[in-house]
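In: Need a 3D model of the sequence below.
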Amino acid sequence: MCNLYSMTRAQDAMRQLFPDVPDRLGNLAPLPEIYPDQKAPILRNGTDGQEMVMARWGLPTPPQFLEGKKTDRGVTNVRNTASPHWRRWLGVAHRCLVPVTAFAEPDQARGGNAWFTMRDNRPAFFAGLHVPGWTSVRKLKDGETTDDLYAFLTCPPNLTVGAIHPKAMPVILVDPPDWTLWMTTAWPEAQRLQRPLPDDDIVLIE
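Out: A predicted model of the protein is given here:
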């Protein structure tokens, strides 16, 4: 599963893609490596409409996997959307788009990570879910914190990604109509987007 990605597209380019969406990111520097539990930009459906904000990568872990543990580092990828744990957050209010310029998958044959990007450097977003204001203990040294959290969906891999990582790939949206569909439509229709990109839309870069 994808536990490393980058977002190096200029902040102004994001603003141009969504000119009517308030930018609450501050002065955002390029993020060449984003790891679980770090903060990164998302475009979410907030209480007052869509907005661009920073959020922490990793949704709340299902309770059965937290027994005996003192911290919840979060779940970065969501595959089983039929699970009751995730079902409560599948509605439009909890949808988000996670900007991405490249993502990594573990390379079992060579070791390390293989990096993938979109053909022609097309603007791309993970299909994400967000949970605002969640209180938990992410790290013992920090104690209890309240965070805006996010993660993104995965799906079976296409041939390009599957040649390196046959288990899964992120759900990536590159067409503006799909961005709108993900952010505005009821789950039965939006669920159709939980599918791999066409093989030729992904390029292995490393």
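
In: What ranges in this protein fall below the confidence cut-off?
Out: Scanning the chain for pLDDT under 70 picks out 1, 206.

In: let's see it at 90
Out: Along the chain, segments meeting pLDDT under 90 span 1-2, 47, 63-68, 107-112, 206.

In: which residues does the residue nearest the centre of the chain contact?
Out: In the chain, the centroid-proximal residue (C-alpha atoms, centre = their mean) is F152; its distance is 3.4 Å. For F152, the contact set (C-beta atoms under 8 Å, 6 or more residues apart in numbering) comprises 2, 76-78, 98, 126-129, 170-171. C-beta: built from backbone N, CA, C; applies to glycine.

In: go again using 7 Å as the cut-off
Out: For F152, the set of contacting residues under the criterion of C-beta atoms under 7 Å, 6 or more residues apart in numbering consists of 77, 98, 126-128, 170-171.

In: can I assume it sits in a strand?
Out: Yes: residue state for F152 (DSSP: H, G, I helix; E, B strand; the rest coil) corresponds to a strand.

In: Specify the beta-bridge partners of it.
Out: Assessed by DSSP bridges, F152 has beta-bridge partners N77, G128.

In: State the distance from it to E144.
Out: Taken as C-beta to C-beta, to the nearest Å, the spacing of F152 relative to E144 amounts to 25 Å.
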